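Visitor: heads up, no residue letters with this:
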C-alpha cells in the first residue's frame, strides 16, 4: 500500500489501492469456500461414522422387540422417475413383507433433524402410495449425541430412537411408546 503521508493522493493510486483490496477479498472468498468444503467433508465423515455405529446391530435391536427384517440397505436415494430429481434420501432402510423402517442417522441429532425426518417420512409414504406399496412405514432417528429434549421430541413425534450408550448404540423405547405409522 502506498505511503500517504507525503505523496498527493491521485486517482491512479486510489485505483491501485482499490484493485489490491478487491484482489484480497477474492482470495479470502476462495479460502473461505475451501474451508467450507473441508468442513463439509468432515461433517460427512462424522455422519458415516455414526452410520457405521448404528448399522451392525440394528437388525438384532429391532428383532429384540419383535420386528424382524429380511432386507437392509443404506444411503438410498429415491428420485422422480420422470424428472430424475432427487425426492428423498434415506440413511438406512429396513424392510420385510409388512413393514419398512426409515432411519435417519446424525452424529449430533437435534430437533431440526427430527422435523426434517417427519417431512422425509411424508415423502416416502407418497412414493410408496404411488407404487401401491401398502406396507406400514415407521421412522427412526439415531444420534451419537442428542439432548433429552431432542429425544423427547423424537419419541413424541412417533419415532423409534437409537442413541449412544457406552461404546454401542441402544434402542430407546419408553414403556407406553406407540410408533407413528406413515
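Guide: Alright, I've got the coordinates. Everything quoted here is computed from the prediction, not taken from an experiment.

Visitor: phi, psi of the spatially most central residue of the chain?
Guide: Most central in the chain under C-alpha atoms, centre = their mean is residue 106, positioned 5.7 Å from the mean C-alpha point. Per-residue torsions, residue 106: phi -130, psi 150 (degrees, to the nearest 10).

Visitor: just checking, it touches residue 116?
Guide: No - counting by C-beta atoms under 8 Å, residue 116 is not a contact partner of residue 106; they are 9.9 Å apart. For the C-beta atoms, the positions are set from N, CA and C on the backbone; glycine is no exception.

Visitor: Show me the shaky parts of this protein.
Guide: 1-5, 38-56, 166-167 (pLDDT under 70).

Visitor: now the strands: where do they sit in it?
Guide: 71-79, 86-95, 99-108, 136-145, 160-165, 168-172 (DSSP state E).

Visitor: closest to residue 120 out of these?
Guide: Taking C-beta to C-beta, strand 86-95 is the member of the strands of the chain nearest to residue 120, at 5.2 Å.

Visitor: List the contacts of residue 31.
Guide: Counting by C-beta atoms under 8 Å, 6 or more residues apart in numbering, residue 31 touches no other residue.

Visitor: before we move on, the earlier item: any idea how far the residue nearest to the centre of the chain lies from residue 155?
Guide: Counting by C-beta to C-beta, to the nearest Å, the separation of residue 106 from residue 155 is 16 Å.

Visitor: for residue 73, same thing?
Guide: 25 Å.

Visitor: Please apply the same query to residue 24.
Guide: With C-beta to C-beta as the criterion, residue 24 and residue 155 are 51 Å apart.

Visitor: What ranges does this protein have for its helices?
Guide: 11-54, 58-63, 111-130, 148-156 (DSSP state H).

Visitor: Point out the other helices and strands that the second one packs with.
Guide: Meaning helix 58-63. strand 86-95, strand 168-172 (3 or more C-beta pairs under 8 Å, 6 or more residues apart in numbering; DSSP states H and E).

Visitor: so the longest one versus strand 160-165, what angle?
Guide: Meaning strand 86-95. Strand 86-95 and strand 160-165 are oriented at 80 degrees to each other (axes from the mean of the first three to the mean of the last three C-alpha atoms, to 10 degrees).
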